[in-house]
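K.L.:
Got a sequence here, can you build the structure:
(2 chains)
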Amino acid sequence: MAKAVLVDIRKCIACRACQVACKRWNDRQGEPTKLNATPGLEWTNPSDLSPQTYTYIRFIGKGKGDDFKWHFIKIQCNHCVEPGCASVCPTKALYKTAEGPVLYDKEKCIGCKYCISGCPFDVPRFDEENQIIEKCTFCAERLAEGVEPACVAACPTDALAIYERDEAIRLAESAASKGAHTYGKQEVGGTSWIYVSDVPVTELGLPRHDSKSPTAYATDMLLKVGALGIVGAGLLYLLGVYTKRRSDLAKEVQSSDKAPQKSTVTSRGESVDKMGGDSA
Amino acid sequence: MSFIEELLAILSFGAGWGVLMALELFLAGLGAGAYIVGSSVDLLGKKTCKRLSVAGALLSWPMVGAGLVILIIDLGRPEINTPSHLMNVFNNLSSMMTIGATLLMAFFVVSFLTTALWVFKWREGLLRSIVEVLGISLGFGVALYPGLVLAFARGRPFWTSPFLPWLFLVSALCTGLSLVGLAETWLGKTLFPIFSTDSEEPLVDLSKTLQAGILVQLLVLAMYVASVWNTGGASTALTGALAPFFWAAVAGGLLVPFAIERYGDRTFEQTGLKTIATRQVLAMVSFALVLLGGVLLRYTILIAGQI
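P.N.:
Coordinates of the predicted model:
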């Protein structure tokens, strides 16, 4: 059965134990970092994912005065049910496993970096030194042994908890029925990391996405491109017909101007030229 | 961050696709556009303009081939990418990158074959027409695929517009026509002596077609920009650090060549052959500007989408 992590932002205290546990389990190196300069994100550190950083806690301050409140949201690969990175990858180096993780096979990768742009959450990072894609693995090797991911195991407040995906969705819906906001049940066709929050998660930096899976999205895009092509071709055809007609009319006028005027006689016996003017 | 700092950060941007990818997208469209223009002239019965058709075929496959080489150089795993490892690119038939690579290779073969048919003077007959119809069909695919590759990248809102593939297609046709026009005007009978008996001077038709193409491109560009107006990439491209590139592509690569061609047309119509040398110089300037604008447009859209 596919696993999912329920991320309850309301319980997160930003201790960043998950960041440290991830670094240790995955043998990621420390990097020089600096505080994020963006207003409202000042304490976010590190401020982005990197080949050495699979996850980080984003600090977002909202409100003013007495209403000011910090929100802490964990960022990592969301392990989509139908991953955008895998759908665009030409080599199938990225793939979804039945247990939930989206994994990377460096033996197939050619380094085109399409997965970086194809990911709806801007997660994969390219390690220039080792020439490989790096991202959260959902600790697939731990899951295979029946052990929860390192970040989940390290979380002291149960802000991170792993369930079967159906159970995680049920819990998220239960929270939603009490006024919480959720993210990941349906976005981009559903993800294996599902958020519960006291404010809309899109206000905390995750992108706004509809429920279309990558396949549905690509089909929809192709239909739109095709429809535009048909409309464009039709308009160009009509423009061509109009232009040709104008050109033909101009030629007709030109040739009739040059042709010798022929006289004819009306029923009243008056002599009138072809252009409609009275004859002399 | 100051404008200069922001611009320098963008120019040194290396996390995703950069200038080499922009060049590859440009060359693929350029080769396809040149072929479509040249072969259409042949198929539509302009037999007195064979130089254009030969130029289209002769220039198409080197452009697409150069694009393919740049694409391979730009891949991030030079130490791993042996020819057999690169065959992995055909693993996922639903990936636009796989479809694009297939189209590029098929088009390369067909456009090379078309050139061979011309050079070996199998110049008339059904065979060349069949090959040209096939090549034009593949050429449209090659010209559309760069836009589709970007439009399918859901993580980049600035690219996810159905207008983008058509913008790249129209741009490919304009740049392809400009390349063919430049070769014809600059080298003309010297480059293609076997067709030096061609009686018709195609410059006027090329110019009028380019003007129409530029107008269509401006229209499609406006619709594309309107469709992605509220994205961060639009701000970067239109008013941010990449604005000089974007507006240079619009003004220098579209508006100025259009004005030059209009001026050239009028002068030519009024004074006829006396000004043909000047007319040719004007045409070469506008063709070169359209080519430069094509590169700038792709670079701007590619980078702005990733910032």
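K.L.:
tell me which parts of the stretch 101-250 of chain A are close to chain B?
P.N.:
By C-beta under 8 Å from any C-beta of the partner chain, the residues of the stretch 101-250 of chain A that approach chain B are A:108-114, A:116-122, A:125-126, A:128, A:131-132, A:188, A:207, A:209, A:214-215, A:217-218, A:221-222, A:224-225, A:227-229, A:232, A:236. In this view, the C-beta of every residue, glycine as well, is placed from N, C-alpha and C.
K.L.:
Closest residue of the stretch 1-150 of chain A to chain B?
P.N.:
Proximity of the stretch 1-150 of chain A to chain B (C-beta to the nearest C-beta) peaks at A:Gly111, 3.0 Å away.
K.L.:
If you drop the residues flanking it in sequence, what lies closest to that residue?
P.N.:
Once flanking residues are discounted, A:Gly111 sits nearest to B:Gly76: 3.0 Å by C-beta to C-beta, 6 or more residues apart in numbering or on different chains.
K.L.:
Buried members of the residues of the stretch 101-250 of chain A next to chain B into ChimeraX, please.
P.N.:
Restricted to buried positions by 16 or more other C-beta atoms under 10 Å in any protein chain shown, the ChimeraX selection for those reads:
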select /A:108,109,110,111,112,113,114,116,117,118,119,120,121,122,125,126,131,132,188,209,214,217,218,221,222,224,225,228,229,232
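K.L.:
Let me see the ranges of the helices in the stretch 101-250 of chain A.
P.N.:
A:114-118, A:140-144, A:150-154, A:165-177, A:214-258 (DSSP state H, counting those that start in this stretch).
K.L.:
counting contacts, what elements does the strand or helix carrying B:Ala57 pack onto?
P.N.:
B:Ala57 is part of helix B:50-74 when elements are defined by DSSP states H and E. Contacts defined by 3 or more C-beta pairs under 8 Å, 6 or more residues apart in numbering or on different chains; DSSP states H and E place helix B:50-74 against helix B:19-43, helix B:96-119, helix B:126-151, helix B:163-186, helix B:188-191.
K.L.:
let's see 7 Å
P.N.:
The contact analysis (3 or more C-beta pairs under 7 Å, 6 or more residues apart in numbering or on different chains; DSSP states H and E) places helix B:50-74 against helix B:19-43, helix B:96-119, helix B:163-186.
K.L.:
got a markdown table for these, with mean neighbour count and distance to chain A too?
P.N.:
Listed next are those as a markdown table, based on neighbours: other C-beta atoms under 10 Å in any protein chain shown; distance: least, C-beta to the nearest C-beta, whole Å:
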| stretch | mean neighbour count | distance to chain A |
| --- | --- | --- |
| helix B:19-43 | 26 | 9 |
| helix B:96-119 | 20 | 4 |
| helix B:163-186 | 26 | 5 |
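K.L.:
before we move on, back to that, let me see the contact set for the residue of the stretch 1-150 of chain A closest to chain B.
P.N.:
A:131, B:75-77 (C-beta atoms under 7 Å, 6 or more residues apart in numbering or on different chains).
K.L.:
Which pLDDT does the model give it?
P.N.:
Looking at A:Gly111, its pLDDT reads 94.
K.L.:
Pick out the residue in chain B sitting closest to chain A.
P.N.:
Counting by C-beta to the nearest C-beta, chain B gets nearest chain A through B:Gly76, at 3.0 Å.
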